[in-house]
Structure formats: C-alpha cells, structure tokens
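K.L.:
please work out how this folds:
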Amino acid sequence: MTYTKFLFIFIFTLNNSFAQIQKKYSVDAETVFDKGEKINNDNFTGTAYLKMLTTHDKENPTAIGNVTFEPEARTKWHLHPAGQILLVTDGIGYYQEKGQSKKILYKGDVIKCPANVEHWHGASDDSYFVQIAVTNNDKGSAVWLQAVSDEEYNK
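P.N.:
Numbering: from 1, shown residues only. Okay, the predicted model is just below:
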C-alpha cells in the first residue's frame, strides 16, 4: 500500500470516528420544542435543560415540560403525589422505580410513573435523552430525595 493511500484511509477513518463520537454526544437532537434553559438546581446530576410548555394553574393542574439530558445526566430519586407521564421524543434514556430493574427507553416510549412511587430518569451513558414530562400538581409538587449513585446508575 502506498503512503498516500494509507494516509487517505487513516484520515478518512479518523474523521468518520470523530463524526460518530460527535453525534453520540450531541444534544442538538431533532426535537419538536426548544431545548430551553440549563437546569441549575441540585435535583439533577450532570447537565440537563428545561423548556416549560405549560405551567399549572387553578384551571388546569397539569404542567408539561420538555427536558433534554446530556449523556449520564439524570434526576435524583423522586416521587410525584399525583403521578407523572414521560413521553420519549429522542435519544436513549433510563427509567427506574425503587426496587425494580432499570428500563432502557427509546424514542416513542411512554412511561407512566405511578403516584408516590420513588423513581429516577435520565440519559444513557453515551446518548442524549429528550422527554416530555406531563405532571399533575393537583396533589402537590414533586418530592425530591437522594441522588442516584453511580453504582445505581451503572447497574
């Protein structure tokens, strides 16, 4: 093999690998709604963004938010007094209820979080994750608990 041919193959392979890594860790998912603002509270590990689509009020106790998680980002363990529904719109994520196995989530999946059941959700370790969270606040807001340990996350 000539040096030029080798160099071409090497550069092509390197460029292709870089493009795959860039796509793998991208948070520029093709989503219906804007990514929103970076979440700056301690209820999340890693980087996540929130775009509120509706907020609850006296006429309608339902809040709807578009949440984008970067790889490895996740919520703390938490529960919702009236439950929650998650609509997966892009990426690969995880969902786990206390005492259950972690579920892998893909675009198009729907999760119904039962009322008062401890759970967490977030991105997989190598992909962004985008969800629409539909939360009824009629019985109160989310109750935030302890952080999801790396051991729990990787299990």
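K.L.:
how many neighbours does residue 87 have?
P.N.:
Neighbours of residue 87 under the rule other C-beta atoms under 10 Å: 16. Just so you know, the C-beta spots here come from the backbone N, C-alpha and C atoms, and that holds for glycine as well.
K.L.:
what separation do you get for residue 94 and residue 148?
P.N.:
9 Å (C-beta to C-beta, to the nearest Å).
K.L.:
same question, residue 118
P.N.:
Separation of residue 118 from residue 148 (C-beta to C-beta) stands at 11 Å.
K.L.:
how about residue 51?
P.N.:
From residue 51 across to residue 148, the span is 23 Å (C-beta to C-beta).
K.L.:
who's more crowded, those two?
P.N.:
Neighbour totals were compared for residue 51 and residue 148, and residue 148 leads with 22 against 16 (other C-beta under 10 Å).
K.L.:
list the residues that contact residue 105.
P.N.:
86, 88, 92, 93, 94, 95, 111, 121, 129, 131 (C-beta atoms under 8 Å, 6 or more residues apart in numbering).
K.L.:
the first one is in what secondary structure piece?
P.N.:
The reference is to residue 86. For residue 86, the element it lies in under DSSP states H and E is strand 84-97.
K.L.:
run through the bridge partners of the residue nearest to residue 45 when sequence neighbours are not counted.
P.N.:
Nearest non-adjacent residue to residue 45, counting by C-beta to C-beta, 6 or more residues apart in numbering: residue 74, 5.3 Å away. Beta bridges link residue 74 to residue 45, residue 122, judged by DSSP bridges.
K.L.:
okay, now residue 74: neighbour count?
P.N.:
Neighbourhood size, residue 74 [other C-beta under 10 Å]: 24.
K.L.:
got the contact list for it?
P.N.:
If you count contacts by C-beta under 8 Å, 6+ apart, residue 74 has them with 44, 45, 46, 94, 120, 121, 122, 123, 148, 153.
K.L.:
next, the third one: phi, psi?
P.N.:
Note on residue 46: backbone dihedrals following degrees, to the nearest 10 are phi 90, psi -160.
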